[in-house]
Structures are given as structure tokens and as C-alpha cells.
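Participant: sharing a sequence plus its predicted fold:
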Amino acid sequence: MAHTIKYDDTNKIVTTTVIDLIKISTSLNIFRDMVQVGREYNCRLFVLNADDAIVNDNFIEVYALFDDLELYLRKGVDKLAIVHKRQRHIFNLIDSIAINHGFMLKSFNDNNKAIRWLNFKISPNYHKYK
């Protein structure tokens, strides 16, 4: 499971690119490394680009991963966008599980849309009723 991690100074985002076969349920080291780079640059916005990866997991393994990710996603990540072009069913499941766990995680099939979502800021008064 080869991956690269780099900081994008223009967008203020840490981008992790995964190639080859990825087993999400055993990829905690990728999330750990990604959050560490984010800390180095005082960045809490992340893109996980899996366009060139093939996910090799079943639904139960993906669901179980979120208990292990609690440490990284709660303490080091404000938003995480996952970019992919294949295997929509796995990423739909990941989106649903993330929302149920209260994480700001969303999958996209376009990198530009992912970056726009990461940089979108909601007004502090958005949720207030008159």
C-alpha cells in the first residue's frame, strides 16, 4: 500500500495519495502520518486521494475502522475529503459511517470539488433562529 503525503501551501491542505491496493481497515498508519504532517504545518484539512487505488475491504472491516480512527479524526482533523473514481459503494458506506460517528468526512469523485468543500466556511450565525 504505497502512499505519499504532502502539504499544499496554496490551499492550506494536507494531501495523501494512495496507489495500488488499499485495505482501509489496516491503514491507520496512513492516517497517523497524515495527521502528523498536518501538525507540522498547523493544518487540520485533509484530502485522501484514492483515484489510483483499489479498495480491498468488506463492509464490516470498514465499519470497525472508525472506532480505531477516533483518536486521529477527533484530535487532528477538522475535515477529511476522500477523492475516488471507482468503488462508489465502499465510499458511500464510509460517508454514512462517518456522519453517524460525527466526523466531517465526505467522499468526492473530483479533487476540485473536494478542495472547495474543505475550504467552505459556515457563518457562525447560520444555525441561529430569529
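Facilitator: Received the coordinates, thanks. Numbers count the residues shown, from 1 in each chain.
Participant: can we go C-alpha only for contacts and neighbour counts from here?
Facilitator: Will do.
Participant: from the chain's centre, how far out does the helix ranked longest in the chain sit?
Facilitator: As assigned by DSSP state H, the longest helix anywhere in the chain is helix 59-75. Mean-position distance between helix 59-75 and its chain equals 11 Å (Cα atoms, centre = their mean, to the nearest Å).
Participant: so for it, mean pLDDT?
Facilitator: Per-region confidence: helix 59-75 scores 71 on mean pLDDT.
Participant: and the helix or strand following it, which strands flank it?
Facilitator: Going down the chain from helix 59-75, the next helix or strand is strand 79-83, by DSSP states H and E. According to DSSP bridges, strand 79-83 forms sheet pairs with strand 45-55 (parallel), strand 105-108 (parallel).
Participant: re earlier: other SSEs contacting the longest helix of the chain?
Facilitator: helix 28-40, helix 88-101 (3 or more Cα pairs under 8 Å, 6 or more residues apart in numbering; DSSP states H and E).
Participant: tell me the angle that helix makes with helix 28-40.
Facilitator: Here the directions of helix 59-75 and helix 28-40 differ by 20 degrees (axes from the mean of the first three to the mean of the last three Cα atoms, to 10 degrees).
Participant: can you dump the C-alpha atoms of helix 59-75 in CSV for me?
Facilitator: The C-alpha coordinates for helix 59-75 follow below in CSV (Å, rounded to 0.1, in the frame of the first residue of the first chain):
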residue,chain,number,x,y,z
PHE,A,59,-18.3,-3.6,4.9
ILE,A,60,-17.7,-5.0,8.4
GLU,A,61,-14.0,-4.1,8.3
VAL,A,62,-14.7,-0.6,7.1
TYR,A,63,-17.2,-0.1,9.9
ALA,A,64,-14.8,-1.4,12.6
LEU,A,65,-12.1,1.0,11.4
PHE,A,66,-14.0,4.1,12.7
ASP,A,67,-13.6,3.0,16.3
ASP,A,68,-9.8,2.9,15.7
LEU,A,69,-9.8,6.2,13.8
GLU,A,70,-11.4,8.1,16.7
LEU,A,71,-8.0,9.2,18.0
TYR,A,72,-6.9,10.7,14.7
LEU,A,73,-10.2,12.1,13.4
ARG,A,74,-11.3,13.8,16.7
LYS,A,75,-8.0,15.4,17.7
